[in-house]
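Undergrad: Following is a predicted model, sequence given first.
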Amino acid sequence: MDYGLKNRLSRIIKPKDNRTVMLAIDHGYFMGPTSGLEDIKSSIVPLLPYADSLMLTRGILRSQVDAAIDIPIVLRVSGGTSILKDDLSDEDIAVSMEDAIRLNASAVALSIFIGSKNERQGVINLARLVDKGNRYGIPVLAVTAVGREMTRDARYLSLAVRIAAEMGASIVKTYYCDDFERVVDTCPVPVIVAGGKKTGEKQALELAYNAVKNGAAGVDMGRNIFQSGKPINMIMAVRAVVHDGLTAEEAYGTKL
Ligand code: R5P
């Protein structure tokens, strides 16, 4: 593997245990001022010491995150639609690779929408982004299965995740499901799990625990951290599950 690409990946998925806690705050790119993300400086910046990397858009990175903060950046580079549309799949590459490099991104992220009417567009966008990333050693995180109506089961998710890997993604983010090991076992690159809509802290920790137990390389969690009543404690608990091997119960008991 290319040195730069490998080096950047190791900033995200920590070589000591091949796991990661990625803090996702990119929701505004299609959801606008999501609850908990209205004021990034006060709600998110205090969480950064506990995250392995930060996933966000260039607009929020430039305006809200001090460049001196030492956190690897996973830059969301796809966009083009909003929650006002019934179909979220009409996305394109919205940031140049040169700008991602200027921002010192450790990886770039793009969504694909397998089974949607814009399936082809997303898959080709991913392949093009991988080509551009390979030119400079920038890994691509493919995000799969975002959207309202779909059956997020092992059959669908293994299809979506495998297609992302086949197109050259270095990491794939998807949702947790029953038989999740099937999704991971048929994907040749690390899979990380999104948290999804806010649930109870214990439930979100159980999701993280089951995900890593069944082969995920960690989580890319947003709302279940920044919408928690105790976001710092919650991210510490997620870390304890992902990196220290605590059960959800143990992490909840010791951190929350
Ligand atoms: C969705 O497209 C966004 O990329 C989010 O980053 C992702 O869903 C993870 O955040 P959450 O844990 O809130 O679902």
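TA: Great, that's in hand.

Undergrad: ok, Ala251 - contacts?
TA: Contacts for Ala251 (C-beta atoms under 8 Å, 6 or more residues apart in numbering) come out as 205, 209, 237-238, 240-241. (Glycine included, C-beta is placed from N, CA and C.)

Undergrad: Buried residues, the helix or strand where Asn7 lies. List them.
TA: Assigned by DSSP states H and E, Asn7 belongs to helix 3-12. For helix 3-12, a neighbour-count test (16 or more other C-beta atoms under 10 Å) marks 5, 8-9, 11-12 as buried.

Undergrad: same deal with stretch 210-217?
TA: Within stretch 210-217, the residues scored as buried using 16+ other C-beta under 10 Å are 210-212, 214, 216-217.

Undergrad: Kindly export it (C-alpha atoms) in PDB.
TA: Provided in PDB are the C-alpha atoms of stretch 210-217 (Å, rounded to 0.1, in the frame of the first residue of the first chain):
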ATOM      1  CA  ASN A 210     -22.000  -5.700  19.500                       C
ATOM      2  CA  ALA A 211     -20.500  -4.000  16.500                       C
ATOM      3  CA  VAL A 212     -16.900  -4.500  17.600                       C
ATOM      4  CA  LYS A 213     -17.600  -7.900  19.000                       C
ATOM      5  CA  ASN A 214     -18.800  -8.900  15.600                       C
ATOM      6  CA  GLY A 215     -15.800  -7.500  13.700                       C
ATOM      7  CA  ALA A 216     -16.400  -3.800  13.200                       C
ATOM      8  CA  ALA A 217     -13.200  -1.700  13.400                       C
END
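
Undergrad: Going forward, the N-terminal residue is numbered 46.
TA: Understood, numbering begins at 46; the last thing we discussed is stretch 255-262.

Undergrad: coming back round to it: so can I have CSV of the buried residues of helix 48-57 showing pLDDT?
TA: Below are the buried residues of helix 48-57 laid out as CSV (pLDDT from 0 to 100):
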residue, pLDDT
Leu50, 97
Arg53, 98
Leu54, 98
Arg56, 98
Ile57, 98
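
Undergrad: So the spatially most central residue of the chain versus Thr299, what's the distance?
TA: Centrality entry for the chain: nearest residue to the mean C-alpha point is Asp265, 3.9 Å, by C-alpha atoms, centre = their mean. Distance of Asp265 to Thr299, given as C-beta to C-beta, to the nearest Å: 23 Å.

Undergrad: And for Ile157?
TA: 38 Å.

Undergrad: which of those two has more neighbours?
TA: Ile157 (30 against 13; other C-beta atoms under 10 Å).

Undergrad: In space, what's closest to the more buried one - neighbours in sequence excluded?
TA: Distances taken as C-beta to C-beta, 6 or more residues apart in numbering put Gly167 closest to Ile157, at 3.8 Å, once the chain neighbours are dropped.

Undergrad: Other residues contacting the host helix or strand of the one you found?
TA: Under the criterion of DSSP H and E, Gly167 resides in helix 164-181. For helix 164-181, contacts defined as C-beta under 8 Å, 6+ apart pick out 47, 49-50, 122-123, 134-138, 142, 146, 153, 155-159, 161, 183-185, 187, 208-209, 212-214.

Undergrad: same for the ligand: which of those are within range?
TA: Counting by C-beta under 6 Å from any ligand atom, Ser156 from the contacts of helix 164-181 sit close to the ligand.

Undergrad: Now list the buried members of the contacts of helix 164-181.
TA: By 16+ other C-beta under 10 Å, the contacts of helix 164-181 give 50, 122-123, 134, 136, 138, 142, 153, 155-159, 161, 183-185, 187, 208-209, 212-214 as buried.
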